[in-house]
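> here is my input; please provide its structure:
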Amino acid sequence: MPKVADRSDHERALGKLGDAIRARRQALQMSQEALADAAGINRTHMGEVERGKRNISFMGVVKIANAMDARASDIIAEAGL
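Next up, the predicted model:
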């Protein structure tokens, strides 16, 4: 029987996604505030996403990726998800 994902699995995935977003943002030498503005997301929300504390919708990932001239699939792949 396959394992059912538990909360810690979800938290790890959110952490990996946040790490991938932060790494790409820093590689582009963008501030968190600049990325949040470009993506149309509140800066505080963006900080929580990068720290893996906030579950973001798929469309949120798309907005963030577009703001970094990337595809959502690139960000997800970089996160190893």
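
> CA only for contacts and neighbour counts going forward, please
Noted.

> could you list the low-confidence segments of the chain?
Per-residue confidence for the chain (pLDDT under 70) gives these ranges: 1-7.

> longest helix anywhere in it?
Scanning the chain for the longest helix, with DSSP state H as the assignment, gives helix 7-27.

> and it, what does it pack against?
helix 43-50, helix 72-78 (3 or more Cα pairs under 8 Å, 6 or more residues apart in numbering; DSSP states H and E).

> in terms of secondary structure, what does the last one contact?
Read it as helix 72-78. On a contact count with 3+ Cα pairs under 8 Å, 6+ apart, helix 72-78 meets helix 7-27, helix 58-67.

> if I look at the residue nearest to residue 71 when sequence neighbours are not counted, how far off is residue 47?
Nearest non-adjacent residue to residue 71, counting by Cα to Cα, 6 or more residues apart in numbering: residue 65, 5.4 Å away. Distance of residue 65 to residue 47, given as Cα to Cα, to the nearest Å: 15 Å.

> give me the more crowded residue out of these two.
Taking neighbours as other Cα atoms under 10 Å, residue 65 and residue 47 compare with residue 65 leading, 22 against 17.

> from residue 25, how far out is that one?
For residue 65, the distance to residue 25 - Cα to Cα - is 10 Å.

> equivalent analysis for residue 62, please.
14 Å.

> hang on, residue 54 packs against residue 61?
No. Taking contacts as Cα atoms under 8 Å, residue 54 lies outside contact range of residue 61: 12.0 Å.

> the two: which is more packed in?
A count of neighbours by other Cα under 10 Å puts residue 61 above the other of residue 54 and residue 61, at 20 against 16.

> contacting residues for that one?
Listed by Cα atoms under 8 Å, 6 or more residues apart in numbering, the contact set of residue 61 reads residue 72.

> circling back: which one of the helices and strands packed on helix 7-27 lies closest to residue 18?
Across these, residue 18 has its closest neighbour in helix 43-50 (3.7 Å, Cα to Cα).
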